[in-house]
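Enquirer: 3D model of this:
(2 chains)
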Amino acid sequence: DGGITQSPKYLFRKEGQNVTLSCEQNLNHDAMYWYRQDPGQGLRLIYYSQIVNDFQKGDIAEGYSVSREKKESFPLTVTSAQKNPTAFYLCASSIDDKGQPQHFGDGTRLSIL
Amino acid sequence: QKEVEQNSGPLSVPEGAIASLNCTYSDRGSQSFFWYRQYSGKSPELIMSIYSNGDKEDGRFTAQLNKASQYVSLLIRDSQPSDSATYLCAVKSVTGGGNKLTFGTGTQLKVEL
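Expert: As a prediction, this is how the structure comes out:
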């Protein structure tokens, strides 16, 4: 089945540790996105990529990093510089960056130990 | 002023009634509008896209767009308990590049037996 796979489903981070969240899609979509969702808040864009080997900062990029070496993959690293990382992280993709709808993976829930 | 505004609810409707969810946006040049449904603890699921003024119907769902009033709504006919969820309005802004969506904080819908 085509879709977006995020792993792991739950992740725990220790102080000072970097952690990487995986996002893989087999939909042949060009554009991929990372969002963060906190309770009572809307989704906020962290990073997005319109094409392989290119990505742009979203509204809350500080403390995060990404790479887009393959069309199918867009991993997100939450660095130790992100002081409040506890949130629900959502990866999405869309056919292109021209206004087509975005579709989401199942998400990764990150907590601090 | 928030860029995309929704009443947080909860909006309670009896089973079989019409649920009306509303969303206003600030960017007058916005071109693409989406409604997502999010069950508690799950990721958002796309239910409607609308790009031009007027109504768009898909099964029990109708999206309505009025660009002059900067207003988009979602009607759910014959509401079912399984429709109980948070509904997110998302708008593609013309400012900035790419397919960046701005999300509202969502309206919680409760369909009561």
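Enquirer: Check the offset of the one helix or strand in chain B whose mean pLDDT sits lowest from the chain's centre.
Expert: Between all helices and strands in chain B, the lowest mean by mean pLDDT, DSSP states H and E belongs to strand B:101-103, at a mean of 92. Strand B:101-103 sits 11 Å away from the centroid of its parent chain (CA atoms, centre = their mean, to the nearest Å).
Enquirer: likewise stretch B:81-101?
Expert: With CA atoms, centre = their mean, you get 7 Å for stretch B:81-101.
Enquirer: What of stretch A:17-31?
Expert: 7 Å.
Enquirer: Spatially nearest residue to A:Ala81 (excluding sequence neighbours)?
Expert: A:Gly63 (4.4 Å; CB to CB, 6 or more residues apart in numbering or on different chains). Every residue, glycine included, has its C-beta placed from N, CA and C.
Enquirer: Hmm, the one you found is touching A:Val78, no?
Expert: Yes. Counting by CB atoms under 8 Å, A:Val78 is a contact partner of A:Gly63 at 7.0 Å.
Enquirer: between the two, what contacts are shared?
Expert: With contacts defined as CB atoms under 8 Å, 6 or more residues apart in numbering or on different chains, the residues shared by A:Gly63 and A:Val78 are A:Pro85.
Enquirer: quick one, which of the two is more surrounded?
Expert: A:Val78 (23 against 15; other CB atoms under 10 Å in any protein chain shown).
Enquirer: quick one, what contacts the more buried one?
Expert: A:Val78 touches A:Arg13, A:Asn18, A:Val19, A:Thr20, A:Leu21, A:Gly63, A:Tyr64, A:Pro85, A:Tyr89, A:Leu110, counting by CB under 8 Å, 6+ apart.
Enquirer: so how far is chain B from the fifth one?
Expert: This points to A:Leu21. The gap separating A:Leu21 from chain B is 13 Å, by CB to the nearest CB, to the nearest Å.
Enquirer: Burial check on that residue, number of neighbours?
Expert: 23.
Enquirer: Quick check, pLDDT for it.
Expert: Looking at A:Leu21, its pLDDT stands at 97.
Enquirer: Quickly list what it is bridged to.
Expert: Beta bridges link A:Leu21 to A:Leu76, judged by DSSP bridges.
Enquirer: Next up, the contacts around it.
Expert: A:6-8, A:11, A:34, A:75-78, A:89, A:91, A:108, A:110.
Enquirer: hmm, 10 Å instead?
Expert: A:6-8, A:11, A:34, A:64, A:66, A:74-78, A:89-91, A:105, A:107-108, A:110 (CB atoms under 10 Å, 6 or more residues apart in numbering or on different chains).
Enquirer: All good on my end, thank you.
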